[in-house]
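*Asks:* Starting from these lines, generate the structure:
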Amino acid sequence: MLVYPQLATGALSQFPVRKRRRLRTVANTSMDGRPIKLSDPGAEITEWQLAYAGLTDDEVAALQQFFAATEGTLNSFTFLDPTANLFAWSDKLDNAAWAKEPFLLVAGGIADPAGGTNGWHLTDSGGAAQNISQTLSAPAGYVYCLSAFARSTQPIAATLLHGTNRADRTLGTNWSRVVFTASGDTAAESIAFGVELPAGASADVFGLQVEPQAGASIYKATTTGGVYEGARFRDDALSITTTGVNCHSATVNIIHANHL
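*Replies:* The predicted structure follows:
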């Protein structure tokens, strides 16, 4: 699986990042003159422009090797959107994108720390730990930051799941953000992230987010998520500018079209 490389810092891009989405609406007029408009999701195009500065020799070499592997615009690859939450349906924990164990109950409509009602109440009704998770088609060996807002009526130790890695976080009665950054098995081509509660425990959660970087950014609600399979380089040339010893700059243009 070809996947766009991270930098040595674990980040996938630097600022500024430009992202543009182009959508199409199909319009028609019926025989009686009434207009008909329908969205055409198959024609959606997303483009990113990544501007890099201060790249090391190793980082430039990795980027050039990846560009050679894709043969420029010829071969597609998986791109993890550095501006997005990789989870799909992050505010809909009852969506089919999420896998929950049988004794974990989920209920929506909970007041969240952003002032809305997109929080979820999780209850472990079983005699063992239960979790809710989502599996992403992304390399497990990359650096990812998993974060969520959570609280509980009484202090409990919830577990953040990051592939095969686990981290306990103590929840209090007030909303607080829990964060877990790690990398996993470099050979695995998918990775699951989630939250696990101990037997008999309950908690409110909101804003589950995964990002391909070492730290958490502001929460971004999603529907489709930020894993783009079938992305391509827009250009057949990769221009690198050397600005000093072990210091380089480059601009990379990436495109994803649903119809390609």
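*Asks:* Show me the shaky parts of this structure.
*Replies:* Filtered on pLDDT under 70, the chain yields the residue ranges 42, 259-260.
*Asks:* Which parts of it belong to which domain?
*Replies:* Domain ranges of the chain: 17-83+227-257, 99-211, per automatic domain parsing.
*Asks:* can you list those domains in CSV and add mean neighbour count?
*Replies:* From N, CA and C alone the C-beta is placed, and that goes for glycine too. Shown next, in CSV, are the domains of the chain (neighbours: other CB atoms under 10 Å):
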stretch, mean neighbour count
domain 17-83+227-257, 14
domain 99-211, 18
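*Asks:* Now tabulate those domains in JSON lines and tack on distance to residue 6.
*Replies:* JSON lines is the format used below for the domains of the chain (distance: least, CB to CB, whole Å):
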{"stretch": "domain 17-83+227-257", "distance to residue 6": "8"}
{"stretch": "domain 99-211", "distance to residue 6": "6"}
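*Asks:* Just the strands from the stretch 101-250 of the chain, written as ranges.
*Replies:* For the stretch 101-250 of the chain, the strands defined by DSSP state E, counting those that start in this stretch cover 104-110, 119-124, 130-136, 144-151, 156-162, 165-171, 176-182, 191-197, 202-211, 227-233, 240-244, 247-257.
*Asks:* Tell me which of these lies nearest to residue 22.
*Replies:* Proximity to residue 22, assessed across these by CB to CB, is greatest for strand 247-257 (9.2 Å).
*Asks:* In the sheet, which strands lie alongside that closest one, parallel or antiparallel?
*Replies:* strand 45-55 (antiparallel), strand 227-233 (antiparallel), strand 240-244 (antiparallel) (DSSP bridges).
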